[in-house]
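Starting from these lines, generate the structure:
(one chain, ligands or ions: 1)
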Amino acid sequence: MTATDRFPGENHLVSPTLFTPYTLARTELGSRLVMAPMTRNRAGADGVPTDSMVTYYAQRAGAGLIVTEGTQPIAAGQGYPNTPGIHTAEQATAWRRVTDAVHADGGRIFLQLMHAGRISHPSLQPGGGLPVAPSAVRPAGQVFTPEGLQDFVEPRALETGEVEQTVRDFAAAARLAVEEAGFDGVEVHGANGYLPHQFLAEGTNQRTDRYGGSAENRARFLIEATTAVAEAVGAERVGVRVSPANSFNDIVEHETEDVYAAVVAGLEPLGLAYLHVVEGPPSVTEKIRSNWSQTLIVNPAFSLETTTGNLEALLADGRADLVAVGRAFIANPDLVRRLERGAELNAADQSSFYGGTDAGYIDYPTLEQVA
Ligand SMILES: Cc1cc2nc3c(=O)[nH]c(=O)nc-3n(C[C@H](O)[C@H](O)[C@H](O)COP(=O)(O)O)c2cc1C
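Numbering: from 1, shown residues only. As a prediction, this is how the structure comes out:
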């Protein structure tokens, strides 16, 4: 039996196209193409979304679903300059302009909750304090700060009570995102070496309390945070992103199968909107697929040219229900339409990915503008 056989109904056609609508729990999507979350470092003072961000997301409302850039659920979760937050009323009010604009153009949008943990720097922290992490393990390398690249520092290990508080912080941020800012849902960022992934990986988690040790204990923070978020806004409005075996941000993770089995076992009963896998070893994705009965989004990260054929192949064999694409959405605000027509894609300019002006942000042309 394949994954597509398990769920009869419109969502599970034998050969869905990228352009077939999809019902994602409570959210109706016009296509199966998701805009992957991407940090663009263009928020204003105090992490408040700007007019340019309203334009940027509205331009991309043609995506089946937009997942926003990583957004800190509390000030201490900030990892890079000019990233937006979702922990103050001012931030929520400004985000509301983004969600209103996307909804007015028929789009759907989830906010990504990203706590960077140790991938930060005192210059980005409230009061210039140390970044927090599961354990005091310093990442190799350097970090972007307002003063340029600087060495990472040794983070401060969270006390057990602080871990429990961070779980509550995620829930409060989710409530603000859905109830005040108008998001269709939130995605808990458990991927790419940020705080929840730092708990999952043995290299960054040397704890001896209930959040460290066995694979089940290391998965506990992500599961508790997601459970709290689901209780706050409804499980059908919550997704989780993971990146098995991804060593980005100096992650050392050898027990991949055990850890992600524990994650899936903990998340499966919650009835979430989706699990979102940044694809690493295909065997791990397949294992997750076979144990995950709800919607699975796969991001074939950096491994596949963005063509309709390549993306539909992921849907056709049941490996994914939805596919997420990152960089092609930076350069092509009308990506869905371009793929549908087999049109050429604009190339993305890497030099303007992280911060800067509106150039390389909201000035990529649509097909109509080219014509
Ligand atoms: C500029 C940029 C910023 C990114 N920021 C985030 C982020 O905030 N959260 C996240 O989960 N992934 C982030 N990613 C990873 C993307 O979501 C995606 O996994 C990656 O770009 C690979 O997909 P692609 O080959 O389609 O671009 C970022 C990637 C890029 C290029």
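
and the host helix or strand of residue 216, how far out from the chain's middle?
Element membership of residue 216, judged by DSSP states H and E, is helix 215-233. Chain-centre distance of helix 215-233: 16 Å, with CA atoms, centre = their mean, to the nearest Å.

Which helix or strand lies directly C-terminal to it?
Going down the chain from helix 215-233, the next helix or strand is strand 238-242, by DSSP H and E.

close to the ligand, is that next one?
Yes: applying CB under 6 Å from any ligand atom, one finds strand 238-242 in contact with the ligand at residue 241. (C-beta placed from N, C-alpha, C; glycine too.)

quick one: the helix holding residue 216 to strand 238-242, angle?
With axes from the mean of the first three to the mean of the last three CA atoms, to 10 degrees applied, the angle from helix 215-233 to strand 238-242 works out at 150 degrees.

Not counting its neighbours along the chain, what's nearest residue 210?
Closest residue to residue 210 apart from its sequence neighbours, by CB to CB, 6 or more residues apart in numbering: residue 217 at 5.7 Å.

mind checking how far that neighbour is from the ligand?
Note on residue 217: its distance to the ligand, by CB to the nearest ligand atom, to the nearest Å, is 24 Å.

Wait, that residue touches residue 208, no?
No: between residue 217 and residue 208 there is no contact under CB atoms under 8 Å: 9.6 Å.

higher neighbour count, those two?
residue 217 (17 against 9; other CB atoms under 10 Å).

How much space separates residue 164 from the ligand?
When CB to the nearest ligand atom is applied, the distance between residue 164 and the ligand equals 24 Å.

To clarify, my last question referred to residue 363.
16 Å.

ok, now which ones touch residue 223?
Listed by CB atoms under 8 Å, 6 or more residues apart in numbering, the contact set of residue 223 reads 263, 266, 267.

just residue 234 next, same as before
Residues in contact with residue 234 (CB under 8 Å, 6+ apart) are residue 26.

How much space separates it from residue 173?
Going from residue 234 to residue 173 by CB to CB, to the nearest Å gives 15 Å.

what's the answer for residue 21, then?
Taken as CB to CB, the span from residue 21 to residue 173 is 30 Å.

These two - which one has more neighbours?
Neighbour tally, residue 21 and residue 173, criterion other CB under 10 Å: the higher count belongs to residue 173, 27 against 13.

residues in contact with the more buried one?
Residue 173 sits next to 71, 73, 74, 86, 87, 113, 186 when contact means CB under 8 Å, 6+ apart.

show me what contacts the closest residue in space to the fifth one that isn't next to it in sequence?
Same thing as residue 87. Setting aside the residues directly before and after it, residue 87 is nearest to residue 74 in space (CB to CB, 6+ apart), at 5.1 Å. In this structure, residue 74 makes contact with 85, 87, 115, 166, 169, 173, judged by CB under 8 Å, 6+ apart.

try it again with 10 Å
By CB atoms under 10 Å, 6 or more residues apart in numbering, residue 74 lies in contact with 85-87, 113, 115, 126, 165-166, 168-170, 172-173.

would residue 111 count as being in a helix?
No: Residue 111: not assigned to a helix; according to DSSP: H, G, I helix; E, B strand; the rest coil it is strand.

Now do the same for residue 4: its pLDDT.
Per-residue confidence at residue 4 stands at 38 (pLDDT).

try the one 10 residues further on
Note on residue 14: pLDDT of 58.

which residues in this structure form strands?
Using DSSP state E, the strands of the chain run over 22-24, 27-29, 33-35, 65-71, 109-113, 132-133, 142-145, 148-151, 156-157, 185-189, 238-242, 274-278, 295-299, 322-325.

Give me the contacts around the second one.
Among residues not part of strand 27-29, those counted as contacts by CB under 10 Å, 6+ apart are 20-23, 63-65, 107-110, 184-185, 236-237, 273-274, 295, 322.

Give the buried residues for that strand.
27, 29 (16 or more other CB atoms under 10 Å).

Residue 357 and the ligand, how far apart?
Residue 357 is 16 Å from the ligand, by CB to the nearest ligand atom.

Wait, that residue touches residue 52, no?
Yes: counting by CB atoms under 10 Å, residue 52 is a contact partner of residue 357 at 8.5 Å.

got any residues that touch both of these two?
residue 42.

Between these two, tell me which one has more neighbours.
residue 52 (16 against 11).

For the residue nearest to residue 205 when sequence neighbours are not counted, list the residues it contacts.
Distance criterion CB to CB, 6+ apart; nearest residue to residue 205, sequence neighbours excluded, is residue 134 at 4.4 Å. By CB under 10 Å, 6+ apart, the contact list for residue 134 reads 117-118, 155, 157-158, 163, 195-201, 204-207, 209, 211-212, 218, 221.

Of those, which count as buried by neighbour count?
117-118, 155, 157-158, 163, 195-201, 204-205, 207, 211-212, 218, 221.

Give me the contact list for stretch 357-369.
Contacts of stretch 357-369 (CB under 10 Å, 6+ apart): 40-42, 50-60, 62, 329-335, 337-338, 341, 343-344, 346-353, 355, 371.

show me the contacts for residue 342.
Residue 342 makes contact with 307, 308, 309, according to CB under 10 Å, 6+ apart.

ok, and the closest non-adjacent residue to the first one?
When the adjacent residues along the chain are set aside, residue 307 lies closest to residue 339, with 7.5 Å between them (CB to CB, 6+ apart).

Many thanks, we can stop here.
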